[in-house]
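Chemist: Only the shape, not the letters, is given here:
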């Protein structure tokens, strides 16, 4: 069983920054691949950032150059640094864990956190 717990959400003005954290427990830490998601236009969760096999970070085109995903193995924590935030990025952000599949496909993830709310005002 895997437990994921997000934190770090909040309210910022457009152009501001936030760092989200996802604490991970309950499994062999490096056994899963991790990702960050938010609801898309159709409300299905879409991949924002994640890692692929070999630890290669992946990003949605809309966040490249502004968001950075990282891990602190000692703290068993996944981070998402979000810079230059836009009002349309207001959403609940979720971290998730998968064993296989494609980093940006929510259906490939087995475990989900409860989410942390990010609100960006104009």
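Modeler: Alright, I've got the coordinates. Computed from a prediction, not measured in an experiment: that's the story for all the values here.

Chemist: would you list every one of the strands in this structure?
Modeler: Ranges of strands in the chain, per DSSP state E, are 3-7, 10-13, 18-25, 33-39, 45-51, 57-59, 67-72, 77-82, 91-98, 111-112, 116-121.

Chemist: Show me what the second one is packed against.
Modeler: Taking 3 or more CB pairs under 8 Å, 6 or more residues apart in numbering; DSSP states H and E as the contact definition, the neighbouring helices and strands of strand 10-13 are strand 116-121. (C-beta placed from N, C-alpha, C; glycine too.)

Chemist: Give me the sheet partners of the strand it packs on and which way each runs.
Modeler: Its sheet considered, strand 116-121 pairs with strand 10-13 (parallel), strand 91-98 (antiparallel) by DSSP bridges.

Chemist: tilt between it and strand 18-25?
Modeler: Interaxial angle, strand 116-121 versus strand 18-25 (axes from the mean of the first three to the mean of the last three CA atoms, to 10 degrees): 180 degrees.

Chemist: what stretches of the protein score poorly on pLDDT?
Modeler: Scanning the chain for pLDDT under 70 picks out 27-30.

Chemist: Spatially, and excluding backbone neighbours, which residue is closest to residue 103.
Modeler: Among residues not flanking residue 103 along the chain, residue 50 sits closest, at 3.9 Å (CB to CB, 6 or more residues apart in numbering).

Chemist: Let's check: the centremost residue of the protein is which one?
Modeler: Centroid-nearest residue in the chain, with CA atoms, centre = their mean: residue 36, separated by 1.9 Å.

Chemist: quick one: it and residue 46 touch, right?
Modeler: No: Residue 36 lies out of contact with residue 46 (CB atoms under 8 Å); the separation is 10.1 Å.
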